[in-house]
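Engineer: take a look and give me a structure for this.
(2 chains)
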2 protein chains.
Amino acid sequence: MSSARTEIRFTGSGGQGIILIGYITGKAASIYANLHATLTQNYGPESRGGASSTQLVISREPIFYPNISRPDILVAMSQEGYTKYKNELKPDGIILIEQNLVKITKSKSDIKTVSVPATQLAEKLGKKIVANLVMLGFLIGQTKVLSKDTVEKAIKTSVPKGTEELNLKAFRIGYEYKNKNN
Amino acid sequence: MSSARTEIRFTGSGGQGIILIGYITGKAASIYANLHATLTQNYGPESRGGASSTQLVISREPIFYPNISRPDILVAMSQEGYTKYKNELKPDGIILIEQNLVKITKSKSDIKTVSVPATQLAEKLGKKIVANLVMLGFLIGQTKVLSKDTVEKAIKTSVPKGTEELNLKAFRIGYEYKNKNN
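Structural biologist: Got it, this is the predicted structure:
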């Protein structure tokens, strides 16, 4: 991690497992990378329709203010989440989108945006439900916000027993994926 | 909800879906019951072994302090979580445990404890993985912290598509379950 505090927003639709990947990232940071992390859930009115958004702060110092205002990273697995949050990013931020679920639209500034067909890659594994883990792998591969190894440790202790290998496989596919948008 | 602020701690093992039921409860409160809710994740060292704990605050007023110190309710789906957190409860608090995963031990005070064989009931539905939803139903049935209807709405928009009915069924089984410990 290059800066003292990194703010990440994860957003998507209900049931995509967005909060799980936020949780795993925070766990990797705090338990396996000796950083501090808080994951906070504020329920906006958009949750009514099934939109889901969670905020993660990772820091070298203890975190007294867990809310985020200008994230460094936005992970968007739904159009709604992308549209709603893309303009809050820092100018040097990065947006990671699910290629087949999110259409890129014009932003205020020239924020770097990279995409991965997470759902499609998960389907190749026979389990669409692990698209979130593909996205998590892509996040780590593209941003290097944490090491691959620390995140893999956190995955192993966070997913249902018996699904560890499937989830790790999905994670690695996302990690290795080369973004073609840039 | 009887008091102005209710604090709930959900605890269990990694992969049990503890955070999901905390998330759903908060969503029901804030989106469907017009209350305020924050769900916060602090990663204690116990997370290393795969223990999972999340804190939910539900309030009639906006929440400025999302941390909890003396919960009203503890939901424990693992022995470790039960043992670690049972003594932090308010004297008039209530503990809900997974009957076959948690053994009741002596507490500082005479905290009311109720139990449900959530995993076993979920297995009868053919899906052990929805034990968390059985536990959520039991929580709502026993404490009436929110109405059954509001929580069902939140379930529908929070679980993976195609699994809504299964999850609602699990929730209702837990809701109807009559605790035999008391």
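
Engineer: which residue is the nearest non-sequential neighbour of residue A:65?
Structural biologist: With sequence-adjacent residues excluded and distances taken as CB to CB, 6 or more residues apart in numbering or on different chains, residue A:65 is closest to residue A:57, at 8.0 Å. Glycine gets a C-beta too; all of them are placed from N, C-alpha and C.

Engineer: is it true that the one you found lies in a helix?
Structural biologist: No. Assessed with DSSP: H, G, I helix; E, B strand; the rest coil, residue A:57 is strand; it does not lie in a helix.

Engineer: so it touches residue A:63, yeah?
Structural biologist: Yes. Assessed by CB atoms under 8 Å, residue A:57 is found in contact with residue A:63 at 5.3 Å.

Engineer: list residues touching both of the two?
Structural biologist: Both residue A:57 and residue A:63 are contacted by A:36, A:37, A:38, under the criterion CB atoms under 8 Å, 6 or more residues apart in numbering or on different chains.

Engineer: flag every residue of chain A that's near chain B.
Structural biologist: A:14-17, A:19-20, A:23, A:26-27, A:29-32, A:37-43, A:45, A:47-50, A:52, A:66, A:129, A:157-161, A:163 (CB under 8 Å from any CB of the partner chain).

Engineer: now the strand or helix carrying residue A:40, how far from the centre of its chain.
Structural biologist: In the assignment (DSSP states H and E), residue A:40 maps to strand A:36-42. From the chain centre to the centre of strand A:36-42 is a distance of 13 Å (CA atoms, centre = their mean, to the nearest Å).

Engineer: the helices in chain A, which residues?
Structural biologist: Defined through DSSP state H, the helices belonging to chain A, from first to last, are A:18-27, A:79-85, A:118-124, A:131-143, A:148-156, A:164-176.

Engineer: turn the ones you listed into a markdown table, including mean pLDDT.
Structural biologist: Written out in a markdown table, the entries for these read as follows (pLDDT from 0 to 100):
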| stretch | mean pLDDT |
| --- | --- |
| helix A:18-27 | 96 |
| helix A:79-85 | 94 |
| helix A:118-124 | 97 |
| helix A:131-143 | 98 |
| helix A:148-156 | 97 |
| helix A:164-176 | 98 |
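
Engineer: let's have these in a markdown table, adding mean neighbour count.
Structural biologist: Putting the helices of chain A into a markdown table (neighbours: other CB atoms under 10 Å in any protein chain shown) gives the following:
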| stretch | mean neighbour count |
| --- | --- |
| helix A:18-27 | 27 |
| helix A:79-85 | 20 |
| helix A:118-124 | 19 |
| helix A:131-143 | 26 |
| helix A:148-156 | 20 |
| helix A:164-176 | 20 |
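
Engineer: nearest to residue A:9, of these?
Structural biologist: helix A:79-85 (5.7 Å; CB to CB).

Engineer: what's the closest one in contact with?
Structural biologist: Under CB under 8 Å, 6+ apart, the answer for helix A:79-85 is A:9, A:11-13, A:46, A:49, A:51-53, A:71, A:74, A:76, A:95, A:97, A:101-103, A:105.
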